[in-house]
Structures are given as C-alpha cells and as structure tokens.
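Asks: model this:
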Amino acid sequence: MTVVLALRCADGIVLGADSQVTDSARGLSYPSQKLHPFGGTAGWGGSGARAVLMELEEVFDSCATAVLGAENVGRAVQERVIPLLRHHYDTFIERVPPRTPPKRCRRTTSRAYGSECGDGPSWRAKLWTVCPPTELH
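Replies: Next up, the predicted model:
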C-alpha cells in the first residue's frame, strides 16, 4: 500500500511518502521514488501503474511553468492529467477471464503445418479452441 502525505505547515507544505513497491502477484518488492519535483517550487506524489506515472512525470516536467503560472492551478493540472488517465483506463478490463476454461467447457486442439514457397522455412502452429466468451465466468 502506498502512502503519500501532504501537510500544511506555517512555512509551507511538507510532502512525504513511503518508497516501497510491492507486486504481490509476482512476489516482488523493490524501492521506488514516489515523490517528484514539479518545477522549482512544487512537488507531486503518486502511486499506481508505473507506465501511467512515468507519462505523468513527462507531462509535468514539460508543463510545470505553465501550470504553476496558471490562474487556476488545479484546473491546469486536470487539463493535462484527465486525458492521460482516460487514455490508459478507458479500456481497462475489470475482470480478466481465467487462463484455463471452466470444467463444463471443452477444449480442443488442432495443428497446422506449412512452408513458404516450398523452399522456405517450414512452420507449425498449434491452435486451441476454448469456450465461447459468453460461457466464461
């Protein structure tokens, strides 16, 4: 679990975060930087998919001056972040079908063989027929 904390103090703001990434599906954990500079006077912290965070970092690095100089900084951040998040998450598959078919479905295999123009390298393919998608639960 990632923790990113921002505290308002008399002299400004203090940002803090843990620095551990845990990938329980793979049984891995490793250090990671979760706080990043945002121009010369601000910072940001994040958690989630690494690819998304790397793109956010690129966007923030390229537009920090414009965002921090905007009349409405929150709106300027949203204008850059929301399209990026939509790009990544509009096609998110919430429930991934299982790798193996349920027991009531039958799996069959077929094999195909061939070669390119008679003299080229031969090829072989193994094809699986699994349940129709409507039968996956």
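Asks: phi first, then psi, for Thr22.
Replies: Main-chain torsions, Thr22, degrees, to the nearest 10: phi -120, psi 120.
Asks: how close does it sit to His87?
Replies: Relative to His87, Thr22 is positioned 26 Å away (Cβ to Cβ, to the nearest Å). C-beta coordinates here come from the backbone N, C-alpha and C atoms, glycine included.
Asks: so where do the helices sit in this protein?
Replies: Taking DSSP state H to define them, one finds helices in the chain at 50-68, 73-89.
Asks: what average pLDDT does the first one get?
Replies: Mean pLDDT, taken over the full extent of helix 50-68, equals 91.
Asks: also the shortest one?
Replies: Helix 73-89 shows a mean pLDDT of 92.
Asks: helices and strands around it, which ones?
Replies: Helix 73-89 sits against helix 50-68, with contacts defined as 3 or more Cβ pairs under 8 Å, 6 or more residues apart in numbering; DSSP states H and E.
Asks: quick one: the helices of the chain as CSV, columns for distance to Leu5 and mean neighbour count too.
Replies: Listed next are those as CSV, based on distance: least, Cβ to Cβ, whole Å; neighbours: other Cβ atoms under 10 Å:
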stretch, distance to Leu5, mean neighbour count
helix 50-68, 17, 15
helix 73-89, 19, 13
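Asks: got CSV for the ones you listed, with distance to Asp11 too?
Replies: Formatted as CSV, the helices of the chain follow (distance: least, Cβ to Cβ, whole Å):
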stretch, distance to Asp11
helix 50-68, 19
helix 73-89, 20
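Asks: figure out which of the ones you listed is closest to Ala6.
Replies: Proximity to Ala6, assessed across the helices of the chain by Cβ to Cβ, is greatest for helix 73-89 (13.8 Å).
Asks: could I get the phi/psi values of the one residue sitting closest to the centre of the chain?
Replies: Centroid check for the chain by Cα atoms, centre = their mean gives Ala49 as the closest residue, at 3.4 Å. With angles defined as degrees, to the nearest 10, Ala49 sits at phi -60, psi 130.
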